[in-house]
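>>> Sequence and predicted structure, then a few things I'm wondering about:
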Amino acid sequence: MVQAWYMDDRPDDPRLPHRPEHGLPVGLEQLRRLGVLYWKLDADKYENDPELEKIRRERNYSWMDIITITRDKLPNYEEKIKMFYEEHLHLDDEIRYILDGSGYFDVRDAEDKWIRISMEKGDMITLPAGIYHRFTVDEKNYVKAMRLFVGEPVWTAYNRPADHFEARERYVKFLAQTA
């Protein structure tokens, strides 16, 4: 089961858990109210997994590739890690399925506080278009993930502030309706 919590605000290494000693845990229902969807799948059978195929069919995730984020596989590793950790949003949903390794997605809640979502092998997440978020590997510096898209991939990230985009406006309305 996925683990999520409100982050501390220490400025040290983002690859650390940033989990306060008496931090508030965040459950799946609270993530759902933010529009974040989560599935636990068997990453060892991702190539022939009927459950993954069902999710892809139902949600129209027609395009996919696999990215390995580690120093020896990802060109310009340090630069990319810093870029992934910049607070940003996308105009489309961001869908990631962790096939190996681990990392963190951080998302903003309705009060603009950071929630850290620990992602491990078998975790699949959908972040809605318009949500401010960021990603980092953990201290192991390794994650292999499937990236899924509805239609052709759009890789553009819009760093905060990006409140003028229609996707952000729709997301803010969604938050108001789920409050």
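Now that the structure is in, tell me what you want to look at.
>>> Sketch out the low-pLDDT regions of this structure for me.
Nowhere does the chain drop to pLDDT under 70.
>>> Please enumerate the strands of it.
Using DSSP state E, the strands of the chain run over residues 3-6, 37-40, 63-69, 88-89, 94-108, 114-120, 123-127, 133-137, 143-149, 158-159.
>>> Grab the most central residue of the protein for me.
By Cα atoms, centre = their mean, the chain has its centre lying nearest to Phe105, at 4.3 Å.
>>> for stretch 120-128, how far is the first residue from the last?
Stretch 120-128 has an end-to-end distance of 20 Å (criterion: Cα to Cα, to the nearest Å).
>>> no, scratch that, I was asking about stretch 24-35
19 Å.
>>> Show me which positions of that stretch end up buried.
Residues of stretch 24-35 classed as buried: Val26, Leu31, Arg33, Leu34, Gly35 (neighbour count, 16 or more other Cβ atoms under 10 Å). No exception for glycine: its C-beta is placed from N, CA and C like everyone else's.
>>> ok, so of the residues you listed, who is nearest Asp65?
Of all the buried residues of stretch 24-35, Asp65 sits closest to Gly35, with 23.7 Å by Cβ to Cβ.
>>> Could I get the contacting residues of Glu86?
Arg134, Ala157, Asn159 (Cβ atoms under 8 Å, 6 or more residues apart in numbering).
>>> oh sorry, the question was meant for Lys80
Counting by Cβ under 8 Å, 6+ apart, the residues that Lys80 touches are Ile69, Leu74.
>>> try Ala145
Ile66, Ile67, Ile69, Arg96, Tyr97, Ile98, Leu99.
>>> Between which two of these is the distance greatest?
Top of the distance list for the contacts of Ala145 (Cβ to Cβ): Ile69 and Tyr97, 13.6 Å.
>>> which one of the two has more residues nearby?
Between Ile69 and Tyr97, counted using other Cβ atoms under 10 Å, Tyr97 has the larger neighbour count: 27 against 20.
>>> Please tabulate the buried residues of stretch 24-35 in a markdown table and include distance to Met7 as additional columns.
Below are those laid out as a markdown table (distance: Cβ to Cβ, whole Å):
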| residue | distance to Met7 |
| --- | --- |
| Val26 | 10 |
| Leu31 | 14 |
| Arg33 | 18 |
| Leu34 | 14 |
| Gly35 | 19 |
